[in-house]
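Novice: After the sequence you'll find the predicted model.
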Amino acid sequence: MTAVHAAPSLPEVLDRLDRLTDWEKRPRGGMRVGLAPMRDLLHRLGEPQASLRVIHVAGTKGKGSVCALIEAGLMRAGLRVGCYASPHVESVVERVCLQGRPVGEAVLARALARALDAHEAARRDDTAGADATWFDVLTAAALAVFGEAGLDWAVIEVGLGGRLDSTNAVDGAVAVVTNIGLEHTEILGDTRAAIAAEKVGILKPGAGLVTTLPPDDEAGAVLAARAAALGCPVLRPPAPGGSIAQENAGLAGLVLGYLGAGGARGRDGSPLGAGLLDAAARAGAVLPGRLERRALRTAHGPVPVVLDGAHVPFNLAAVMRDLGRDPDLAGPCTALVALAGDKDAAGFLAVLARHAGYVVATEMPERRGHAAAALRALAAAEGVEAEAVAMPDAALARAADLAARRGGWLLVTGSLHLVGALRGATDPS
């Protein structure tokens, strides 16, 4: 009689996965990047990406929201859609979605187990997949899920950079580069032009490029040159000036319009287009931790809370611009901040100092990051009252109490990992 083995649970599989190198939790100065391990894993999994029609999205900020909007538009057209995005806020299953919902734990566990088995086979055979990282294996598992799901389209968010990112094993019909700021400079380069060259590496011959960046911009010129070299059309929205949400929706609309012009149709036979992003579709594409409104009860009364994972200066500036237009956020802003160690903490605090009246600096246990005391010192150097509370839970309580006593509101920012750790302690607004 053949023994029947129970399928592994997600916690069991994640325990295996967490033994691999996870560059989301380590200093990235020595990060290995390259596609050979990823391609080996996918070959061992039967090339699941080969059957997918892909929209590939890179950029410094906004790429997760743009992915969600494209996904929502495609679903509005009656199509079957998968979306792979990172990082997650509260659960790893958020990274792999089918029809706008995270896959079930059992589905992800099975796919991860297969990808981990492929990694172990590569180790035995001493092939490139032996060097696969945590993100490589998770990406391979996501593509395996999508390959089996009978999708019309897969929307894939780049993890880091583009050219050598694990996700670049796919061939996208459209490549999106939302924007470019200085981030991950130790890996991608220390100029916007150098970073642009890495991000536009997702553009493939025959695909369209959608971006906010004009050709006379330092980074935009690099994108335009690469598109010209590959013979790819470039689509840009009108001159920026709207809100973050409007800019993201503009990019997603351009993608849908480009696909429709190329013959892509919805389930009813109508061409895809920006009109699919109606109010209902946009409302369904709102992501946690991106300008998310919450609330917190304190001894001094309720406090409005905004959760936003902005972590680079120009992104924070756009967030604060949009929040400054909101009449519901009355009174001074108290900010609770944690930043990864590879982020421009001085630049970030300089922007925050123009908007926040008080800063509580904290840090994320088990994550590479700036010490709370160092962030407090940077805020103080910008002339902002600040204090350091190392543990996030205690920091949230302290920041909320300060916001309530000052008659203002609380911004939790600097890291989606911080947002994810504290979101459950807040209430829906």
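Specialist: Received the coordinates, thanks.
Novice: buried set for stretch 93-111?
Specialist: For stretch 93-111, burial by neighbour count (16 or more other Cβ atoms under 10 Å) applies to 93-98, 102-103, 105, 107-111. Any C-beta I mention is one placed from the backbone N, CA and C, and that applies to glycine too.
Novice: For those residues, work out which two are farthest apart.
Specialist: 94 and 110 (17.6 Å; Cβ to Cβ).
Novice: Including secondary structure, could the buried residues of stretch 93-111 go into JSON lines?
Specialist: Shown next, in JSON lines, are the buried residues of stretch 93-111 (DSSP: H, G, I helix; E, B strand; the rest coil):
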{"residue": "93", "secondary structure": "helix"}
{"residue": "94", "secondary structure": "helix"}
{"residue": "95", "secondary structure": "helix"}
{"residue": "96", "secondary structure": "strand"}
{"residue": "97", "secondary structure": "strand"}
{"residue": "98", "secondary structure": "strand"}
{"residue": "102", "secondary structure": "strand"}
{"residue": "103", "secondary structure": "coil"}
{"residue": "105", "secondary structure": "helix"}
{"residue": "107", "secondary structure": "helix"}
{"residue": "108", "secondary structure": "helix"}
{"residue": "109", "secondary structure": "helix"}
{"residue": "110", "secondary structure": "helix"}
{"residue": "111", "secondary structure": "helix"}
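Novice: so can I have a markdown table of the residues you listed showing distance to residue 225 and pLDDT?
Specialist: Formatted as a markdown table, the buried residues of stretch 93-111 follow (distance: Cβ to Cβ, whole Å; pLDDT from 0 to 100):
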| residue | distance to residue 225 | pLDDT |
| --- | --- | --- |
| 93 | 39 | 95 |
| 94 | 36 | 94 |
| 95 | 33 | 96 |
| 96 | 34 | 98 |
| 97 | 34 | 97 |
| 98 | 37 | 97 |
| 102 | 38 | 96 |
| 103 | 39 | 95 |
| 105 | 45 | 95 |
| 107 | 42 | 96 |
| 108 | 39 | 97 |
| 109 | 44 | 97 |
| 110 | 43 | 96 |
| 111 | 38 | 97 |
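Novice: tell me the contacts of the nearest residue to residue 304 once chain neighbours are set aside?
Specialist: Spatial nearest neighbour of residue 304, chain neighbours left out: residue 409 (4.1 Å); criterion: Cβ to Cβ, 6 or more residues apart in numbering. Contact analysis of residue 409 by Cβ atoms under 8 Å, 6 or more residues apart in numbering lists 303, 304, 305, 306, 329, 330, 331, 333, 334, 403.
Novice: Could you check how far residue 144 is from residue 330?
Specialist: To residue 330, residue 144 is 49 Å away according to Cβ to Cβ, to the nearest Å.
Novice: Between those two, tell me which one has more neighbours.
Specialist: residue 144 (23 against 10; other Cβ atoms under 10 Å).
Novice: Now do the SS call for that one.
Specialist: Per three-state DSSP, residue 144 ends up helix.
Novice: cool, and residue 114?
Specialist: Secondary structure assignment for residue 114 (three-state DSSP): helix.
Novice: Tell me how many other residues crowd it.
Specialist: Neighbours of residue 114 (other Cβ under 10 Å): 21.
Novice: Wait, it touches residue 48, no?
Specialist: No - here residue 114 lies out of contact with residue 48, judged by Cβ atoms under 8 Å, at a distance of 9.9 Å.
Novice: Could you tell me which residues touch both of these two?
Specialist: Counting by Cβ under 8 Å, 6+ apart, the common neighbours of residue 114 and residue 48 are residue 144.
Novice: This completes my enquiry, with thanks.
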